[in-house]
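Undergrad: turn this into a model:
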Amino acid sequence: MAAAFRHWAHSDYVEGMSGHISVRDPEYPAAFWTNPLGVHFGLLCVSDMILVDFAGKVIGGDRTRPPNTAGFLIHSAIHQARPDVHAICHAHSIYGKAWSVFGKRLEMLTQDACKFFGQAQGVYSDYGGVVLGFEEGKRIAAALGPRGKGCIMRNHGILTVGQTVDEAAFLFTSMERSCQVQLLVDAAAAKGTPKLIIEDEEAMLNQEVEGDPEICYAEFQVYYNHIDRLHKGEFKE
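TA: Residues are numbered from 1 along each chain as shown. Sure thing, here's the model as predicted:
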């Protein structure tokens, strides 16, 4: 998780204190590890992380800082609604925010976008402001759906989930880039260039490979190894 945050810092996903990753604790499934409030992604280490239960109480890790309130409400709702989800990623990335203003699904424009084909992609089409209530978190979890891997949150940004931090983090980067591609393609299409959408059958076949949890885990290792070499393993402290 610390390596994923360092990767986010290099990818320019930082916007103040916004953004959070969580991973369900393997011993206490009704609690999850997440980042503390107000630490730059590029500085986060293993020792900074905090363990929070579903009531919002910090029960382990670094107790000097609280969790991000909005982050806790979103992540706790999804972890409770989806027992299969062990990790969740959300940040205020540029292209995810830009595409979110349309409140629309990503189209299957590229092989990479097919990770989010069909029920693997949800859209939260309402906007309730900064998430400061349990009900808003529950609505986002409902929009993600029982099989969602990623969710477009209108006027807010994107969110991804996975069986591991590595899977969820790779899906986040892939969804962010797919939003960028969608915006570029739509800009070209507005000038008269026709779009060619991948057919459903091919999109499903792509998803079976591109969206496989182990494949997504392996995809993230190139980022992990880059961060490990770049930071000389300092984030593991």
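Undergrad: is Leu37 in contact with Arg65, as I believe?
TA: Yes. Applying C-beta atoms under 8 Å, one finds Leu37 in contact with Arg65, separated by 5.5 Å. To be clear about C-beta, it is placed using only N, CA and C from the backbone, and glycine gets the same treatment.
Undergrad: how about the residue located most distally from the centre of the chain, secondary structure?
TA: Going by C-alpha atoms, centre = their mean, the residue of the chain most distant from its centre is Gly192, 33.2 Å out. Three-state call for Gly192 (DSSP: H, G, I helix; E, B strand; the rest coil): coil.
Undergrad: only alpha carbons, please: show the lowest-mean-pLDDT helix or strand in the chain as CSV.
TA: Lowest by mean pLDDT, DSSP states H and E among the helices and strands of the chain is helix 134-144, with a mean of 92. Backbone C-alpha positions of helix 134-144 (Å, rounded to 0.1, in the frame of the first residue of the first chain) are rendered in CSV as follows:
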residue,chain,number,x,y,z
PHE,A,134,-22.9,6.9,6.2
GLU,A,135,-25.8,7.0,3.7
GLU,A,136,-23.6,8.6,1.0
GLY,A,137,-21.0,5.9,1.4
LYS,A,138,-23.7,3.2,1.1
ARG,A,139,-25.0,4.8,-2.1
ILE,A,140,-21.5,4.8,-3.7
ALA,A,141,-21.2,1.1,-2.7
ALA,A,142,-24.5,0.3,-4.3
ALA,A,143,-23.5,2.1,-7.5
LEU,A,144,-20.3,0.0,-7.6
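Undergrad: list the buried residues for that helix?
TA: By neighbour count with 16 or more other C-beta atoms under 10 Å, helix 134-144 contains the buried residues Glu136, Gly137, Lys138, Arg139, Ile140, Ala141, Ala143, Leu144.
Undergrad: stretch 210-225 too?
TA: For stretch 210-225, by 16+ other C-beta under 10 Å, it's Glu210, Gly211, Pro213, Cys216, Tyr217, Glu219, Phe220, Tyr223, Tyr224.
Undergrad: now do it: distance to the chain's middle.
TA: In terms of C-alpha atoms, centre = their mean, to the nearest Å, the gap separating the centre of stretch 210-225 from the centre of its chain is 14 Å.
Undergrad: ramachandran coordinates for the closest residue to Glu219 other than its chain neighbours?
TA: Excluding its sequence neighbours, the residue lying closest to Glu219 (C-beta to C-beta, 6 or more residues apart in numbering) is Phe170, at 4.6 Å. Phi and psi for Phe170, reported as degrees, to the nearest 10, are phi -70, psi -40.
Undergrad: try the one 4 residues further on
TA: The phi and psi torsions at Ser174 (degrees, to the nearest 10) take the values phi -70, psi -40.
Undergrad: list the contacts for it?
TA: Shown in contact with Ser174 (C-beta atoms under 8 Å, 6 or more residues apart in numbering): Asp112, Lys115, Glu219.
Undergrad: please redo it, this time with the cut-off set to 10 Å
TA: Residues near Ser174 by C-beta atoms under 10 Å, 6 or more residues apart in numbering: 110, 112-113, 115-116, 149-150, 160, 210-211, 216, 219-220.
Undergrad: what is the strand or helix carrying Val161 packed up against?
TA: Assigned by DSSP states H and E, Val161 belongs to strand 157-162. Helices and strands touching strand 157-162, as assessed by 3 or more C-beta pairs under 10 Å, 6 or more residues apart in numbering; DSSP states H and E, comprise strand 20-24, helix 69-81, strand 87-91, helix 94-100, helix 134-144, strand 150-153, helix 165-189, helix 213-230.
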